[in-house]
Structure formats: structure tokens, C-alpha cells
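Colleague: Next one to model:
(one chain, ligands or ions: 2)
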Amino acid sequence: MKTAIFGLAGSGKTELFQALTGPRTTLNERAMIKVPEPKLEPLTRYFHPKKISHTEIEYLDIRGGGGKSSSLSQRALNEIRPYDCLLAVLDNFSGLADPEDQRKTIETDLVIADLAVLEKRLEKIEQDKKKAKHLHDPQEEQLLLQAQSRLEQESPLRRDSDLSLAPELKGFCFLSAKPILYVWNCDEQKLGTGVLPAAQSSEAHLEISASLEKELAELDDPGEQLAFLQDLGLQESALNRIISKTYALLGLITFLTGGEKEVRSWPLRRGAKAPEAAGVIHSDLQKGFIRAEVLAWSDFENLRDFKKAKEKGLLRLEGREYTVKDGDIITFRFNV
Ligand SMILES: Nc1nc2c(ncn2[C@@H]2O[C@H](COP(=O)(O)OP(=O)(O)OP(=O)(O)O)[C@@H](O)[C@H]2O)c(=O)[nH]1
Ligand SMILES: [Mg+2]
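Modeller: Ligands and ions are numbered 1, 2, ... in the order given. Next comes the predicted model:
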């Protein structure tokens, strides 16, 4: 899972990236960030594992794109294309730019970039038709035309899940189809006073001060960090808020595995069945999947004991058709 941090020049992307990666990471354009998972702690107390591993999300800091108010550069648009999720930073601190204008500019740039890709493909399909070649898939053409009409109304593809999730369109990596988190990078003094747009499907908004969060990330002591947050009237660091929003935008849930060797959280597409979860761990587990031994999180929380859970019949054996739930603790039985 990869998220690209982008936006117009000087909007605070690097500042935010440093706030996310903390002072211990060497400055790099790319960093893996652990998804906070409070469920790992009680599991660790039960298993006393040698190792504790978190789901991680990769973040990329893209160097300045365009000016403060002009468009994103073609380079920036190309760089974000392979990413699963976008994080756009808006300048709401310098007074030199209007963040809502920046947001509109970004939306327009994504839509125009998609139209260019789409029109090229439609032209190719027309040419093939003239040559009477039956090379194209009519379903793909139909979806492209539908996408075109949406984009021409300046509406991003993410608003229509039939289009943003269509397998026929996946290969185009349309930018406006990607889930997006807008981070309104706000002046320290104005924090909490702004009104943000409402969340929409695959689109969320957060107000943070990248500078303050960077200072926060530089504090070593968790007690000091908490006091710093409380002074600001905040409950959670930007890191936690951004990561949980990214996770939700990507449509992911968490399942857990536990044992004496390792306790670990894993990401899974919401709605996925047990073999797909096994495949997140290793493709061999998916291929050789036999059964999943599942304990629901609430049952573990009540009992904190796998033996008792088994006696009570709460440790369930599930097959291929089982839809994994958020927080399930799973042991896979497989055959290689
Ligand atoms: N007061 C204040 N200054 C900020 C904040 N975020 C960033 N800055 C300052 O704004 C300037 C630009 O920040 P960067 O993080 O380098 O911006 P960027 O988006 O990475 O810039 P480019 O990569 O050049 O496009 C720096 O001097 C930061 O210190 C903020 O939240 N508050
Ligand atoms: Mg930068």
C-alpha cells in the first residue's frame, strides 16, 4: 500500500512527511510508516512473542509541483500515477495562497490528465474499428465513454465506484479514480477554526499544522508528546489521524495473527474471504488453504485466553467462503 504526498509548491509536503516519519528516519523521499494498532498490545501480553510487527504504509514525498497557484507539473502527475492513495497538502498557513483554489486546481489537473489518457485510448479504439479489427472489448469502450462524460463535467472518477473499481479500467491508473485525503495545512494559531468540506466517497479532509506536528514528532518521551497534544487541544497526533484516514480510504480492515514467534497485524480488503487473507501472508498459504481457525476480537477481549475460547466453542473453523471481519485473530491451516 503506497500513498503519494503531493500538492502545489511550498504547501508543506516535506514538513508533513518529516512529521510522519519522525526524526529517527534518515531524510528520504520514501518511508514505511507503521499503522497504529491498539489490538497488538493485549495480544502481545497473551503470547509474549519474540517479535511484534505492524501493517505498514509507504509514503512518498513528491518534490514541489508547479507554483503556488498554477498547475501541478507533468512530472508530479506522472510520479503519483503508480500510487494506491493520494494525499494532497493545501497551503492554509502562508496567506500567499487560497487553499480552496489550490484544491480546485488539483482536482482540475487530475481530471485533465485522465481525459488525456482516455481520449488517446478512445482514438485507438476508433482506428481499430475502421480497420475492421475486432481488437477492443466493447465493455471497456462503454466504461471509457461513461468515464469521459463524467470527466467532461469536471467530476472525478472516484465519485462513481462502478468506474473507479472497474477491472477493465484498472490498467489506466486514472488519477481522479484514486482515493484522496486532503490535508489542510493550517497556521498554528488558526488550528481548529476552519470549516472543512464534508467527506465524500473516497475523499476525506483533515486540518493539521505540519510545523507543530513536526515539533511533536521530535519529542522522544511519550509523556511529553501527550502533554504537547493536550496543550493544543488535540486527542491524537496527525500521524495517527492521517494513517487511520488513509487506511479507511483504501477500504482496508485489519486481521491479526499471533504465536510465540510473532504477533502481527495485516491489512485486508474489506469484504475479502479467508483464502485472500491467507494470501496476504504468503501466496503458498492461499494456494494450499484448507481452513481458517478464527477468534473474533470481542471474544478474545472478553476471555483473553485461547484455551477457554476453544472450550466454549468460540474458536471457529471457517472455510473458503468465510468473509473476514475487522479484528479477527486467525490461524491458517494449509497444505503445501
Ligand atoms: N508556519 C508554518 N510554516 C510551514 C508549515 N508547513 C510548512 N511551513 C513552511 O513552509 C515552507 C515550505 O515547506 P515545505 O514543507 O518545504 O513545502 P513543500 O510542499 O515540501 O515544498 P516543495 O517541495 O518545494 O513544493 C518551509 O519554510 C516550512 O517551514 C506550517 O504548518 N506552518
Ligand atoms: Mg518538498
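
Colleague: Run through the residues of the stretch 1-150 of the chain sitting next to ligand 2.
Modeller: Lys13, Thr14 (C-beta under 5 Å from the ion). For the C-beta atoms, the positions are set from N, CA and C on the backbone; glycine is no exception.

Colleague: for the stretch 1-150 of the chain, what spans make up the helices?
Modeller: With DSSP state H, counting those that start in this stretch as the criterion, the stretch 1-150 of the chain has helices at 13-21, 40-47, 74-80, 99-130, 138-152.

Colleague: quick one: which of the ones you listed is nearest ligand 1?
Modeller: helix 13-21 (3.3 Å; C-beta to the nearest ligand atom).

Colleague: Give me the contacts around the closest one.
Modeller: Helix 13-21 has contacts (C-beta atoms under 8 Å, 6 or more residues apart in numbering) with 5-7, 27-28, 31, 33, 59, 61-62, 64, 89, 183, 185, 208, 210-211, 213-214, 216-217, 238-239, 242.

Colleague: Emit the ChimeraX select command for whichever of the residues you listed are buried.
Modeller: Selection of buried members from these for ChimeraX, criterion 16 or more other C-beta atoms under 10 Å:
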select :5,6,7,31,33,59,61,62,64,89,183,185,208,210,211,213,214,216,217,238,239,242
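
Colleague: bridging residues for Leu268?
Modeller: Counting by DSSP bridges, Leu268 forms beta bridges with Ile253.

Colleague: My understanding was that it contacts Gly251; is that so?
Modeller: No. Between Leu268 and Gly251 there is no contact under C-beta atoms under 8 Å: 9.8 Å.

Colleague: Please identify which of those two sits among more neighbours.
Modeller: Each of Leu268 and Gly251 has its neighbours counted (other C-beta atoms under 10 Å); Leu268 has more, 23 against 14.

Colleague: Okay, that one and ligand 1: tell me how far apart.
Modeller: Distance from Leu268 to ligand 1, counting by C-beta to the nearest ligand atom, to the nearest Å: 33 Å.

Colleague: now Ala204
Modeller: From Ala204 to ligand 1 the distance is 19 Å (C-beta to the nearest ligand atom).

Colleague: what helix or strand is that residue on?
Modeller: For Ala204, the enclosing helix or strand under DSSP states H and E is strand 203-208.

Colleague: Just the CA trace of that strand, in PDB.
Modeller: Provided in PDB are the C-alpha atoms of strand 203-208 (Å, rounded to 0.1, in the frame of the first residue of the first chain):
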ATOM      1  CA  GLU A 203     -12.400  11.600  -0.300                       C
ATOM      2  CA  ALA A 204     -11.600  12.800   3.100                       C
ATOM      3  CA  HIS A 205     -10.300  16.100   4.700                       C
ATOM      4  CA  LEU A 206      -8.100  16.800   7.700                       C
ATOM      5  CA  GLU A 207      -6.900  20.000   9.200                       C
ATOM      6  CA  ILE A 208      -3.400  19.900  10.700                       C
END
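
Colleague: Give me the next element, helix or strand, following it.
Modeller: Using DSSP H and E, the next helix or strand after strand 203-208 towards the C-terminus is helix 210-218.

Colleague: what about whichever helix or strand comes after that next one, average pLDDT?
Modeller: For helix 210-218, the following helix or strand on the C-terminal side (DSSP H and E) is helix 222-231. Averaged over helix 222-231, pLDDT sits at 89.

Colleague: Nearest spatial neighbour of Ala278, chain-adjacent residues omitted?
Modeller: The shortest distance from Ala278 to any non-neighbouring residue, by C-beta to C-beta, 6 or more residues apart in numbering, is to Leu285 (3.9 Å).

Colleague: Quick one: residues contacting the one you found.
Modeller: Leu285 sits next to Ala278, Gly279, Phe332, Phe334 when contact means C-beta under 8 Å, 6+ apart.
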